[in-house]
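K.L.:
could you look at this predicted model? Sequence included:
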Amino acid sequence: MGRKDSVWSLGEGQLPEDIDKQIETPPLSTLLIEKPLGGSITVGGDITFIAKVEAKDLLRKPSIKWFKGKWMDLASKTGKHLQLKESFDRFTKIHTFEMHIIKAKENYAGNYRCEVTYKDKFDSCSFDLEVKGFEGQEDAGELDFSGLLKHREPKQEETPEVDVWEILKNARPDEYEKIAFTYGITDLRGLLKRLKKTKKEEKKSEGAGPKLSTKTCIDMGPPKIKFHTFAKKLETAYQVDKGGKIRFIVDMADPTVELKWLKNGVEVPTGVRSRYRVKSEGTKHWLIIDDAIKEDTGTYSLMATGGTTEAHVQDLENVTVMLGQPLKLHCEIYPGNVPGRWYLNGKLIQASDRINILHRAKLEAESSTIHDAGDYTFVPEGYSQSLCAKVHVIDPPRVHLDALNCPDNTVTIVAGNKLRLEIPISGEPAPRVVWMKGERVILDTGSRVRAETFADHTCLTIDVTEREDTGNYKIVLQNEAGEDTASIKIKVVDIPDPPQAPLVPAVGGDWCTMTWDPPHYDGGSPILGYFIERKKKQSSRWMRLNFDLCKETTFEPKKMIEGVPYEVRVFAVNAIGVSKPCEPSKPFIPLAVTSEPTNLIVDDVTDTTVTMKWRPPDTIGAAGLDGYQVEYCFEGTDEWIVSNTEITEKTKYTITGLPPETKILVRVKAINKAGPSPPRTTQHSILVKEVIEPPKIRIPRHLKQTYIRKVGEVVNLVVPFMGKPRPKVSWLKNGEPIEASQVSIRNTDCDSIIFIRRAERKHSGKYEMAVQVEKHVDTALLDIQIVDLPGPPQCVKIEEIWGENVALDWSPPKDNGNAPISGYTIQKADKKTMEWYTCVEHYHRTCVTVTELVVGNEYFFRVFAENMCGLSESATVTKDSALIVKQGLQLKNPEYIDYDFTEPPKFTQPLVDTFAIAGYNATLNCSVRANPRPKVIWMKNKIMIIDDPRYRMFSNQGVCTLEIRKPSPFDGGVYTCKAINDLGEAQVECKLEVKGQYGLMTVMRVFVITVGNAVLVCMHMQGS
């Protein structure tokens, strides 16, 4: 079979038997608005065919197919010589389909067809391509014979002068079309079918004669006849393939003659197990050798009683010559000087400037070409046999990488695309091509990666490129003439791998600093930058932070909400595209440091210590406040020393271990999870030296008056004082030293404590405290009073009894419990039951009248004394009882005089000028007395207030109230309350001033006292 000789084949064109068929007329166009038109180009030229489809009524893109002839779909033939393109114009709604033919060859000429399909609609168009220079070529490679038949001028059939049938029988299959074109054969296919059938019949009827081969040749010798007993002698020479079958045949004149077959003078063994078989039919005799081998070469003879005949079998090697080297063929004929003719592939060879024929049996060519290869035959005149030799013209293989037009033989392609790499090659015979990547051989049967070899090029196809396809590919070409290798580097570029998960080393109130490492694989293209996204931890929505690529591997996101957890991630970008996102960072919370502490002052200084105190920061933030760090440095140095290794939560700290009489600067930082705040530093240096400070006692407010406690309670008094150095504290009770067994006293640097675990009345007295620093003394006096329950009253007696009343009298108790008597409780008891009932409580006098006693009962009375601790434990009972005697009664009807309660309106409490704060409700109050009930009218600036939603008016028991809802400065003015009834009218006025929201605040307390129809309104106002 002939090899392919083009990068993409345009097929065989229209079949011969379809030439005369009538082409059906296609239906009218329903889709194509512009059809491709036929054209003409020269060999190596480019041409483009365009078809357009209007898509206004189409819901999707129509499908299009390009054909050559009737059946070849060109979609699978795309490559460097054929390209199919599609485009769509959104404004005109037109699909454009293009077919580009690049560097056309002769066999691209022919008829083409374009078919468009959309659902049930169909449209097609045929057009022709003419390649100029095509008809004058004798060897066009893979000839499109059917295409030529369509354009050939019809001519009269003429009887060929040569025997075409014999030429076809002796020709190779790849020469059939050329012979048909040369001799004008129209029915080539039918002729070939007949030829094939004839060959099969000849093969079946093959009986005598050897099987010819192209790999051996015959060395003929002259016939040697000794007797005349052979009707037909053996042929003088035979040729056979290795493993073939050899048949020697002879025809005897006398069938009764005894025969003996000899090889090189030795009788041939013809036993049962021998490869030699003898067969005879009448006068014909055969010697058959099955599975011929090289050792069967020799001279075979048949000896009979009438004579001997011989045949020579000689194995000759084929002639192989390098392209461009001299070619010499020499044939020795015995007897010599036998004339003959040389043939190449059945064509007579004529002597020329390049080919010399010497002595008729010797042929020489100065420089061999590819066309010199073939089967050479020397036919001697006068002999029925001929000598054959096969000449191979070989050319070393070569790989032509210049056609790639790629620097450094490097091919770059984007991952996911199809790669079709076509490399021109040359060599004779056609070299064996092997593609390799590393040690792995790429086969032509691969599904995704495959290698294909054609006549003049080899092709590597990768359907869907992957990044693993990157590497060096080796092409190895081998044939008989040698070997050639070439390397091609394929670089598959892709989007990069995701970067490493970012780290967040620093966090602020609304910002953070993030860093990351570049991706391990950059996709074969340099990283151009990065995109950064963030999201809240609880959310699933990512937000892009930068729209311009970040060139660095650090970034500072801003405008975050403090205290909310966030996550960030990064995308890498190269020239191919954007990578997948990296793994999110660990959640982080934007936290701000606090503001600096405030009011940093020196609280105390000694010879070795400095005590500082301060206020918390004004702004703390979501991170809270963990504590404080105190640092100091000596004056004249910049080295700050941390005083507290662990942060303190207090706002006071003492720096110890300082050298005396040195000067230091102190600063304090607030610490939280976000880190230390800016420091607050003292404005002036501090001298480490104790300063004498006169003593001063700071008596608490509750101790400036008599300190009263009940018997049995705990007394714990703390009296602070000041003074430096540490003052001396002394205590006196009523001018005498205090006994340590009765009162416990404990002194510190800044206060003194008096502690009595269980107070008794003897602990009462005047306590004097003295604080002394050197010659300076300060004193303070504390009055402590321990109180107890009082004793019972004295001398409780009944002074007088009248009607249902009894008058009692008594004396105060002897023991008041060290506290004033606050009152008495009087109880009564019926003599019959002696159950006591309280008549009067908290009575302050020492005499009382008990009323509403039951007539006929006899009563006893008792009295309890009461002070701040409570009632006395016992009571004094009257010695005598009081009998309530029944007396005569006389009813007197009182006379009543009707009182006239009618009166005109009169304001008992006027309106008061008031200040109000804007935005807060304000009320105006007054009280009026009138009978009958008056009608109340409110006015502002002498204008009556009617149905205004900003005002609410109330009147209850004579108290008139006007409520102003959220007043503004415009609501200020003079307000009037007017009361009217049938007897008259009255009015009061006040001035209301509305201030801003942060003005003075006034607190108003209203007390309403009702006595009959009279209403008294008391207002108490406070303000600053």
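P.N.:
Received, thanks. Residues are numbered from 1 along each chain as shown.

K.L.:
for residue 473, give the beta-bridge partners.
P.N.:
Note on residue 473: beta-bridge partners by DSSP bridges are residue 437, residue 488.

K.L.:
how much space between it and residue 819?
P.N.:
Going from residue 473 to residue 819 by C-beta to C-beta, to the nearest Å gives 116 Å. For glycine as for every other residue, the C-beta is placed from the backbone atoms N, C-alpha and C.

K.L.:
same drill for these two, tell me which one is more crowded.
P.N.:
Neighbours were counted for residue 473 and for residue 819 using other C-beta atoms under 10 Å; residue 473 has more, 21 against 17.

K.L.:
could you check how far residue 460 is from residue 838?
P.N.:
121 Å.

K.L.:
could you tell me the end-to-end distance of stretch 817-825?
P.N.:
In stretch 817-825, first residue to last residue: 17 Å (C-alpha to C-alpha, to the nearest Å).

K.L.:
how far off centre is it?
P.N.:
86 Å (C-alpha atoms, centre = their mean, to the nearest Å).

K.L.:
which residues touch the nearest residue to residue 117 once chain neighbours are set aside?
P.N.:
Nearest residue to residue 117, sequence neighbours excluded (C-beta to C-beta, 6 or more residues apart in numbering): residue 63, at 5.1 Å. Contact analysis of residue 63 by C-beta atoms under 8 Å, 6 or more residues apart in numbering lists 116, 117, 118.

K.L.:
pick out whichever of residue 460 and residue 838 has more residues nearby.
P.N.:
residue 460 (21 against 10).

K.L.:
what bridges to residue 798?
P.N.:
With DSSP bridges as the rule, residue 798 is bridged to residue 808.

K.L.:
ugh, typo on my part, it should be residue 847
P.N.:
Bridge pairing for residue 847 - DSSP bridges - gives residue 809.

K.L.:
same question for residue 554.
P.N.:
residue 515.

K.L.:
pull the number of nearby residues for it.
P.N.:
Residue 554, neighbours per other C-beta under 10 Å, totals 12.

K.L.:
how about the contacts made by it?
P.N.:
513, 514, 515.

K.L.:
what's the neighbour count on the nearest residue to the second one once chain neighbours are set aside?
P.N.:
Right, residue 514. The shortest distance from residue 514 to any non-neighbouring residue, by C-beta to C-beta, 6+ apart, is to residue 502 (4.7 Å). Residue 502 has 23 neighbours, counted by other C-beta under 10 Å.

K.L.:
show me what contacts residue 502?
P.N.:
Here residue 502 is in contact with 514, 515, 516, 568, 569, 570, 582, 585 (C-beta under 8 Å, 6+ apart).

K.L.:
which pLDDT does the model give it?
P.N.:
Per-residue pLDDT puts residue 502 at 95.

K.L.:
and it, how far is that from residue 102?
P.N.:
Taking C-beta to C-beta, one finds residue 502 at 50 Å from residue 102.

K.L.:
now do the residue nearest to residue 117, the pLDDT please.
P.N.:
pLDDT at residue 63 comes out at 89.

K.L.:
next: residue 140.
P.N.:
35.

K.L.:
and for the one 4 residues further on?
P.N.:
Looking at residue 144, its pLDDT stands at 41.

K.L.:
swap in residue 929?
P.N.:
Reported pLDDT for residue 929: 93.

K.L.:
likewise for residue 858?
P.N.:
For residue 858, pLDDT reads 92.

K.L.:
the most centrally placed residue in the chain: what secondary structure?
P.N.:
What sits nearest the mean C-alpha location of the chain, by C-alpha atoms, centre = their mean, is residue 581, with 3.6 Å. Assigned by DSSP: H, G, I helix; E, B strand; the rest coil, the conformation of residue 581 is coil.

K.L.:
out of everything not next to it in sequence, what's closest to it?
P.N.:
That would be residue 569: by C-beta to C-beta, 6+ apart, it lies 4.7 Å from residue 581.

K.L.:
give me the three-state assignment for that neighbour.
P.N.:
With three-state DSSP as the criterion, residue 569 reads strand.

K.L.:
pull the contacting residues for it.
P.N.:
Here residue 569 is in contact with 501, 502, 532, 533, 534, 542, 581, 582, 583, 584, 585 (C-beta under 8 Å, 6+ apart).

K.L.:
thought the first one was touching residue 567?
P.N.:
No: using C-beta atoms under 8 Å, residue 501 is not in contact with residue 567; the gap is 10.1 Å.

K.L.:
which residues are common contacts for those two?
P.N.:
Contacts common to residue 501 and residue 567, judged by C-beta under 8 Å, 6+ apart, are 584, 585.
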